[in-house]
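Asker: sequence plus predicted model, see below.
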Amino acid sequence: MPLAALRSLIAAHTREILEMIGGSALIALVLVAINLQVVDPAFRAIEERQAVEDSDRAVADLEREIQVLAGLARDWAGHDGLCVPGGALPDAARLSAESDIDLIACYDAGGRSLGHSVHHPLVGGPVVLRALIGDPHPVLASLEPVREHALPRDGLFATEHGLLLLAARPLPAGSASGRSPGLLLLGRFFTRGDVILLSERTRVRAELLARDQLQGPERELFDRLAATGDRQPAVVGSSAIRLLTDIDRNPIGVLRSAVRDNMTVLGRQSGQALSFLLGSVALVLLLFLVVSRSRARESRRALAASEARERQLQKEKSLGRMAAAIAHHFNNQLTAVIGFIQLAMHRPPSGDSIDRDLTEALRAAERAAELSGLMLTYLGQSMAARHPVDLAACCRRCLPELQLLLPAGLNTVIDFPEPGPMVLANDDQIRQVLVNLAVNAAEAVTGEAGRLELSVSSAAAAEIATRHRFPADWQPQEPVYARLAVTDNGCGIDPADKEHLFDPFFTRKFTGRGLGLAVVLGLAKAGGGVVTVRSEPGQGSEFAVYLPLVGHEGGLR
């Protein structure tokens, strides 16, 4: 496509292009917001819940290891001759290879050591534990319930050679006193290899870490959990951290397991596919909306152009009709003027006949001048002086003349308040408006039940009807207007005639010149007002003239 044609196309559809860009950006923002506020948090919650379950499973497996060791300790504690003064204990290296027991120790009822043996599987030989050195041994502080009250104890114990799983059981009572003669302690080092086996069994990638192996947020989390004693797992980044405590419930480290984000990959991919689908549908709908709005604008422009052409044609017809009527009326009056002047010129000298002919010529000229004045009034160019007048009072002064013009049997209802609203006009203009509207309404009323209502009031600008408003482009400039309304219960107005009611010389009657309503509109325009029409065929009509108030302070009168 040539560059000039492309520029022309862009210029012609700039609005549509901007709407597409703006709509696409909005759709993208909505999808991103949904992803950040709904989708990602939902999958993150799933991952965290799965991480908690994984941590629970790993801890449960670790506790099963302790229970297995506790079972062995219970069984071994029942062997006679195992823990006797001067007796030999089994070799820890052999026990470690055969039964996964790396520590065996016996104590009498007083807490005195009867012997112990320690083998570390990673070192490959015996090791010395500070917990078993001294009198009493430090480990005994954790085993007091076993020695004093014959209560079994199981749990973890931190040593300089790593973490120990401990199980302590009381030895069976050997006398009538029933007091335990001592206790048996079995231990097993829980090494990195054991953690790997635990991960394989539980399918949870886990590791045991002491506090000094933690860094940054994990160390801060350990200190917070240790301070509160909370043993529920907490998620930090891609790991779930659970506090581990020793046999005395003192914090010794953490169990760290990885968050399995791979479990929600399919869900995330499905969410992304759904977002893409929703985005595609939204873009298609946006395109459809933009195209529809563009076509609607084109249709409105075409309709407006068509209506403008129609109005122009109607205006041309109206102007043609007005020009023909004016020419006809002026021709009649000029013919009369010329005829009477010719009679005056050709008659024998006689004062009375010449005066009569010239008087008739003068009357014809005055009628022509009156016609010209009415046309100026229609154009809103009346030269009559205006001053503040009481609209209701002016209308009351017109009533005697109006009664002579209205049919005798017409029921006329008058509502002219005292005082009435003040407008800028003169008595003759108000008389023309009232008389023309009342006579026009009376001619539409037929039958004995004819009714005519004449009223003056004030109305807020918002109450002025917007349909069938003349002039059509009039807009209120004041908050309140004076209202002169004439209502009848006559035959109503054909909808096709409403737009031509105020055209000069337009009439559906056999009588009249077609200038009455045109004069009303002209006087309203000259005063900065408007005329509204409300009518339905067979339901009567209402003509209302609105004029700006004079000296109004904002309240309705």
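Answerer: Yep, it's here. On a predicted model such as this, the values are computed, not experimentally measured, just so you know. Residues are numbered from 1 along each chain as shown.
Asker: got the CA positions of stretch 443-462 in PDB?
Answerer: Listed next in PDB are the C-alpha coordinates belonging to stretch 443-462 (Å, rounded to 0.1, in the frame of the first residue of the first chain):
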ATOM      1  CA  GLU A 443     -61.100  27.700  15.200                       C
ATOM      2  CA  ALA A 444     -59.900  24.100  16.100                       C
ATOM      3  CA  VAL A 445     -62.800  23.600  18.600                       C
ATOM      4  CA  THR A 446     -66.000  22.100  17.200                       C
ATOM      5  CA  GLY A 447     -69.300  21.200  18.900                       C
ATOM      6  CA  GLU A 448     -71.100  22.500  22.000                       C
ATOM      7  CA  ALA A 449     -68.500  21.100  24.500                       C
ATOM      8  CA  GLY A 450     -65.700  23.400  23.300                       C
ATOM      9  CA  ARG A 451     -63.300  24.500  26.000                       C
ATOM     10  CA  LEU A 452     -60.500  27.100  25.900                       C
ATOM     11  CA  GLU A 453     -58.000  27.700  28.800                       C
ATOM     12  CA  LEU A 454     -55.900  30.800  29.000                       C
ATOM     13  CA  SER A 455     -53.300  31.000  31.700                       C
ATOM     14  CA  VAL A 456     -50.200  32.900  32.900                       C
ATOM     15  CA  SER A 457     -47.600  31.500  35.300                       C
ATOM     16  CA  SER A 458     -43.900  31.100  35.900                       C
ATOM     17  CA  ALA A 459     -41.900  28.000  35.000                       C
ATOM     18  CA  ALA A 460     -38.400  26.800  35.600                       C
ATOM     19  CA  ALA A 461     -36.100  26.400  32.500                       C
ATOM     20  CA  ALA A 462     -35.900  22.600  33.200                       C
END
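Asker: buried residues, that stretch. List them.
Answerer: 443-445, 450, 452-459 (16 or more other CB atoms under 10 Å). C-beta coordinates here come from the backbone N, C-alpha and C atoms, glycine included.
Asker: out of these, the closest to residue 137 would be?
Answerer: Within the buried residues of stretch 443-462, the smallest distance to residue 137 is 105.8 Å, found for residue 459 (CB to CB).
Asker: does the closest one really touch residue 478, like I thought?
Answerer: No. Contact criterion CB atoms under 8 Å: residue 459 and residue 478 do not qualify, at 10.9 Å.
Asker: quick check: neighbours shared by the two?
Answerer: When CB atoms under 8 Å, 6 or more residues apart in numbering defines a contact, no residue borders residue 459 and residue 478 alike.
Asker: give me the pLDDT for residue 142.
Answerer: pLDDT, residue 142: 81.
Asker: now do the phi/psi pair for it.
Answerer: Main-chain dihedrals, residue 142, degrees, to the nearest 10: phi -90, psi -10.
Asker: picking up where we left off before, for the buried residues of stretch 443-462, give me CSV that also has distance to residue 524.
Answerer: Output for the buried residues of stretch 443-462, formatted as CSV (distance: CB to CB, whole Å):
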residue, distance to residue 524
443, 21
444, 20
445, 23
450, 26
452, 20
453, 19
454, 17
455, 17
456, 15
457, 16
458, 16
459, 14
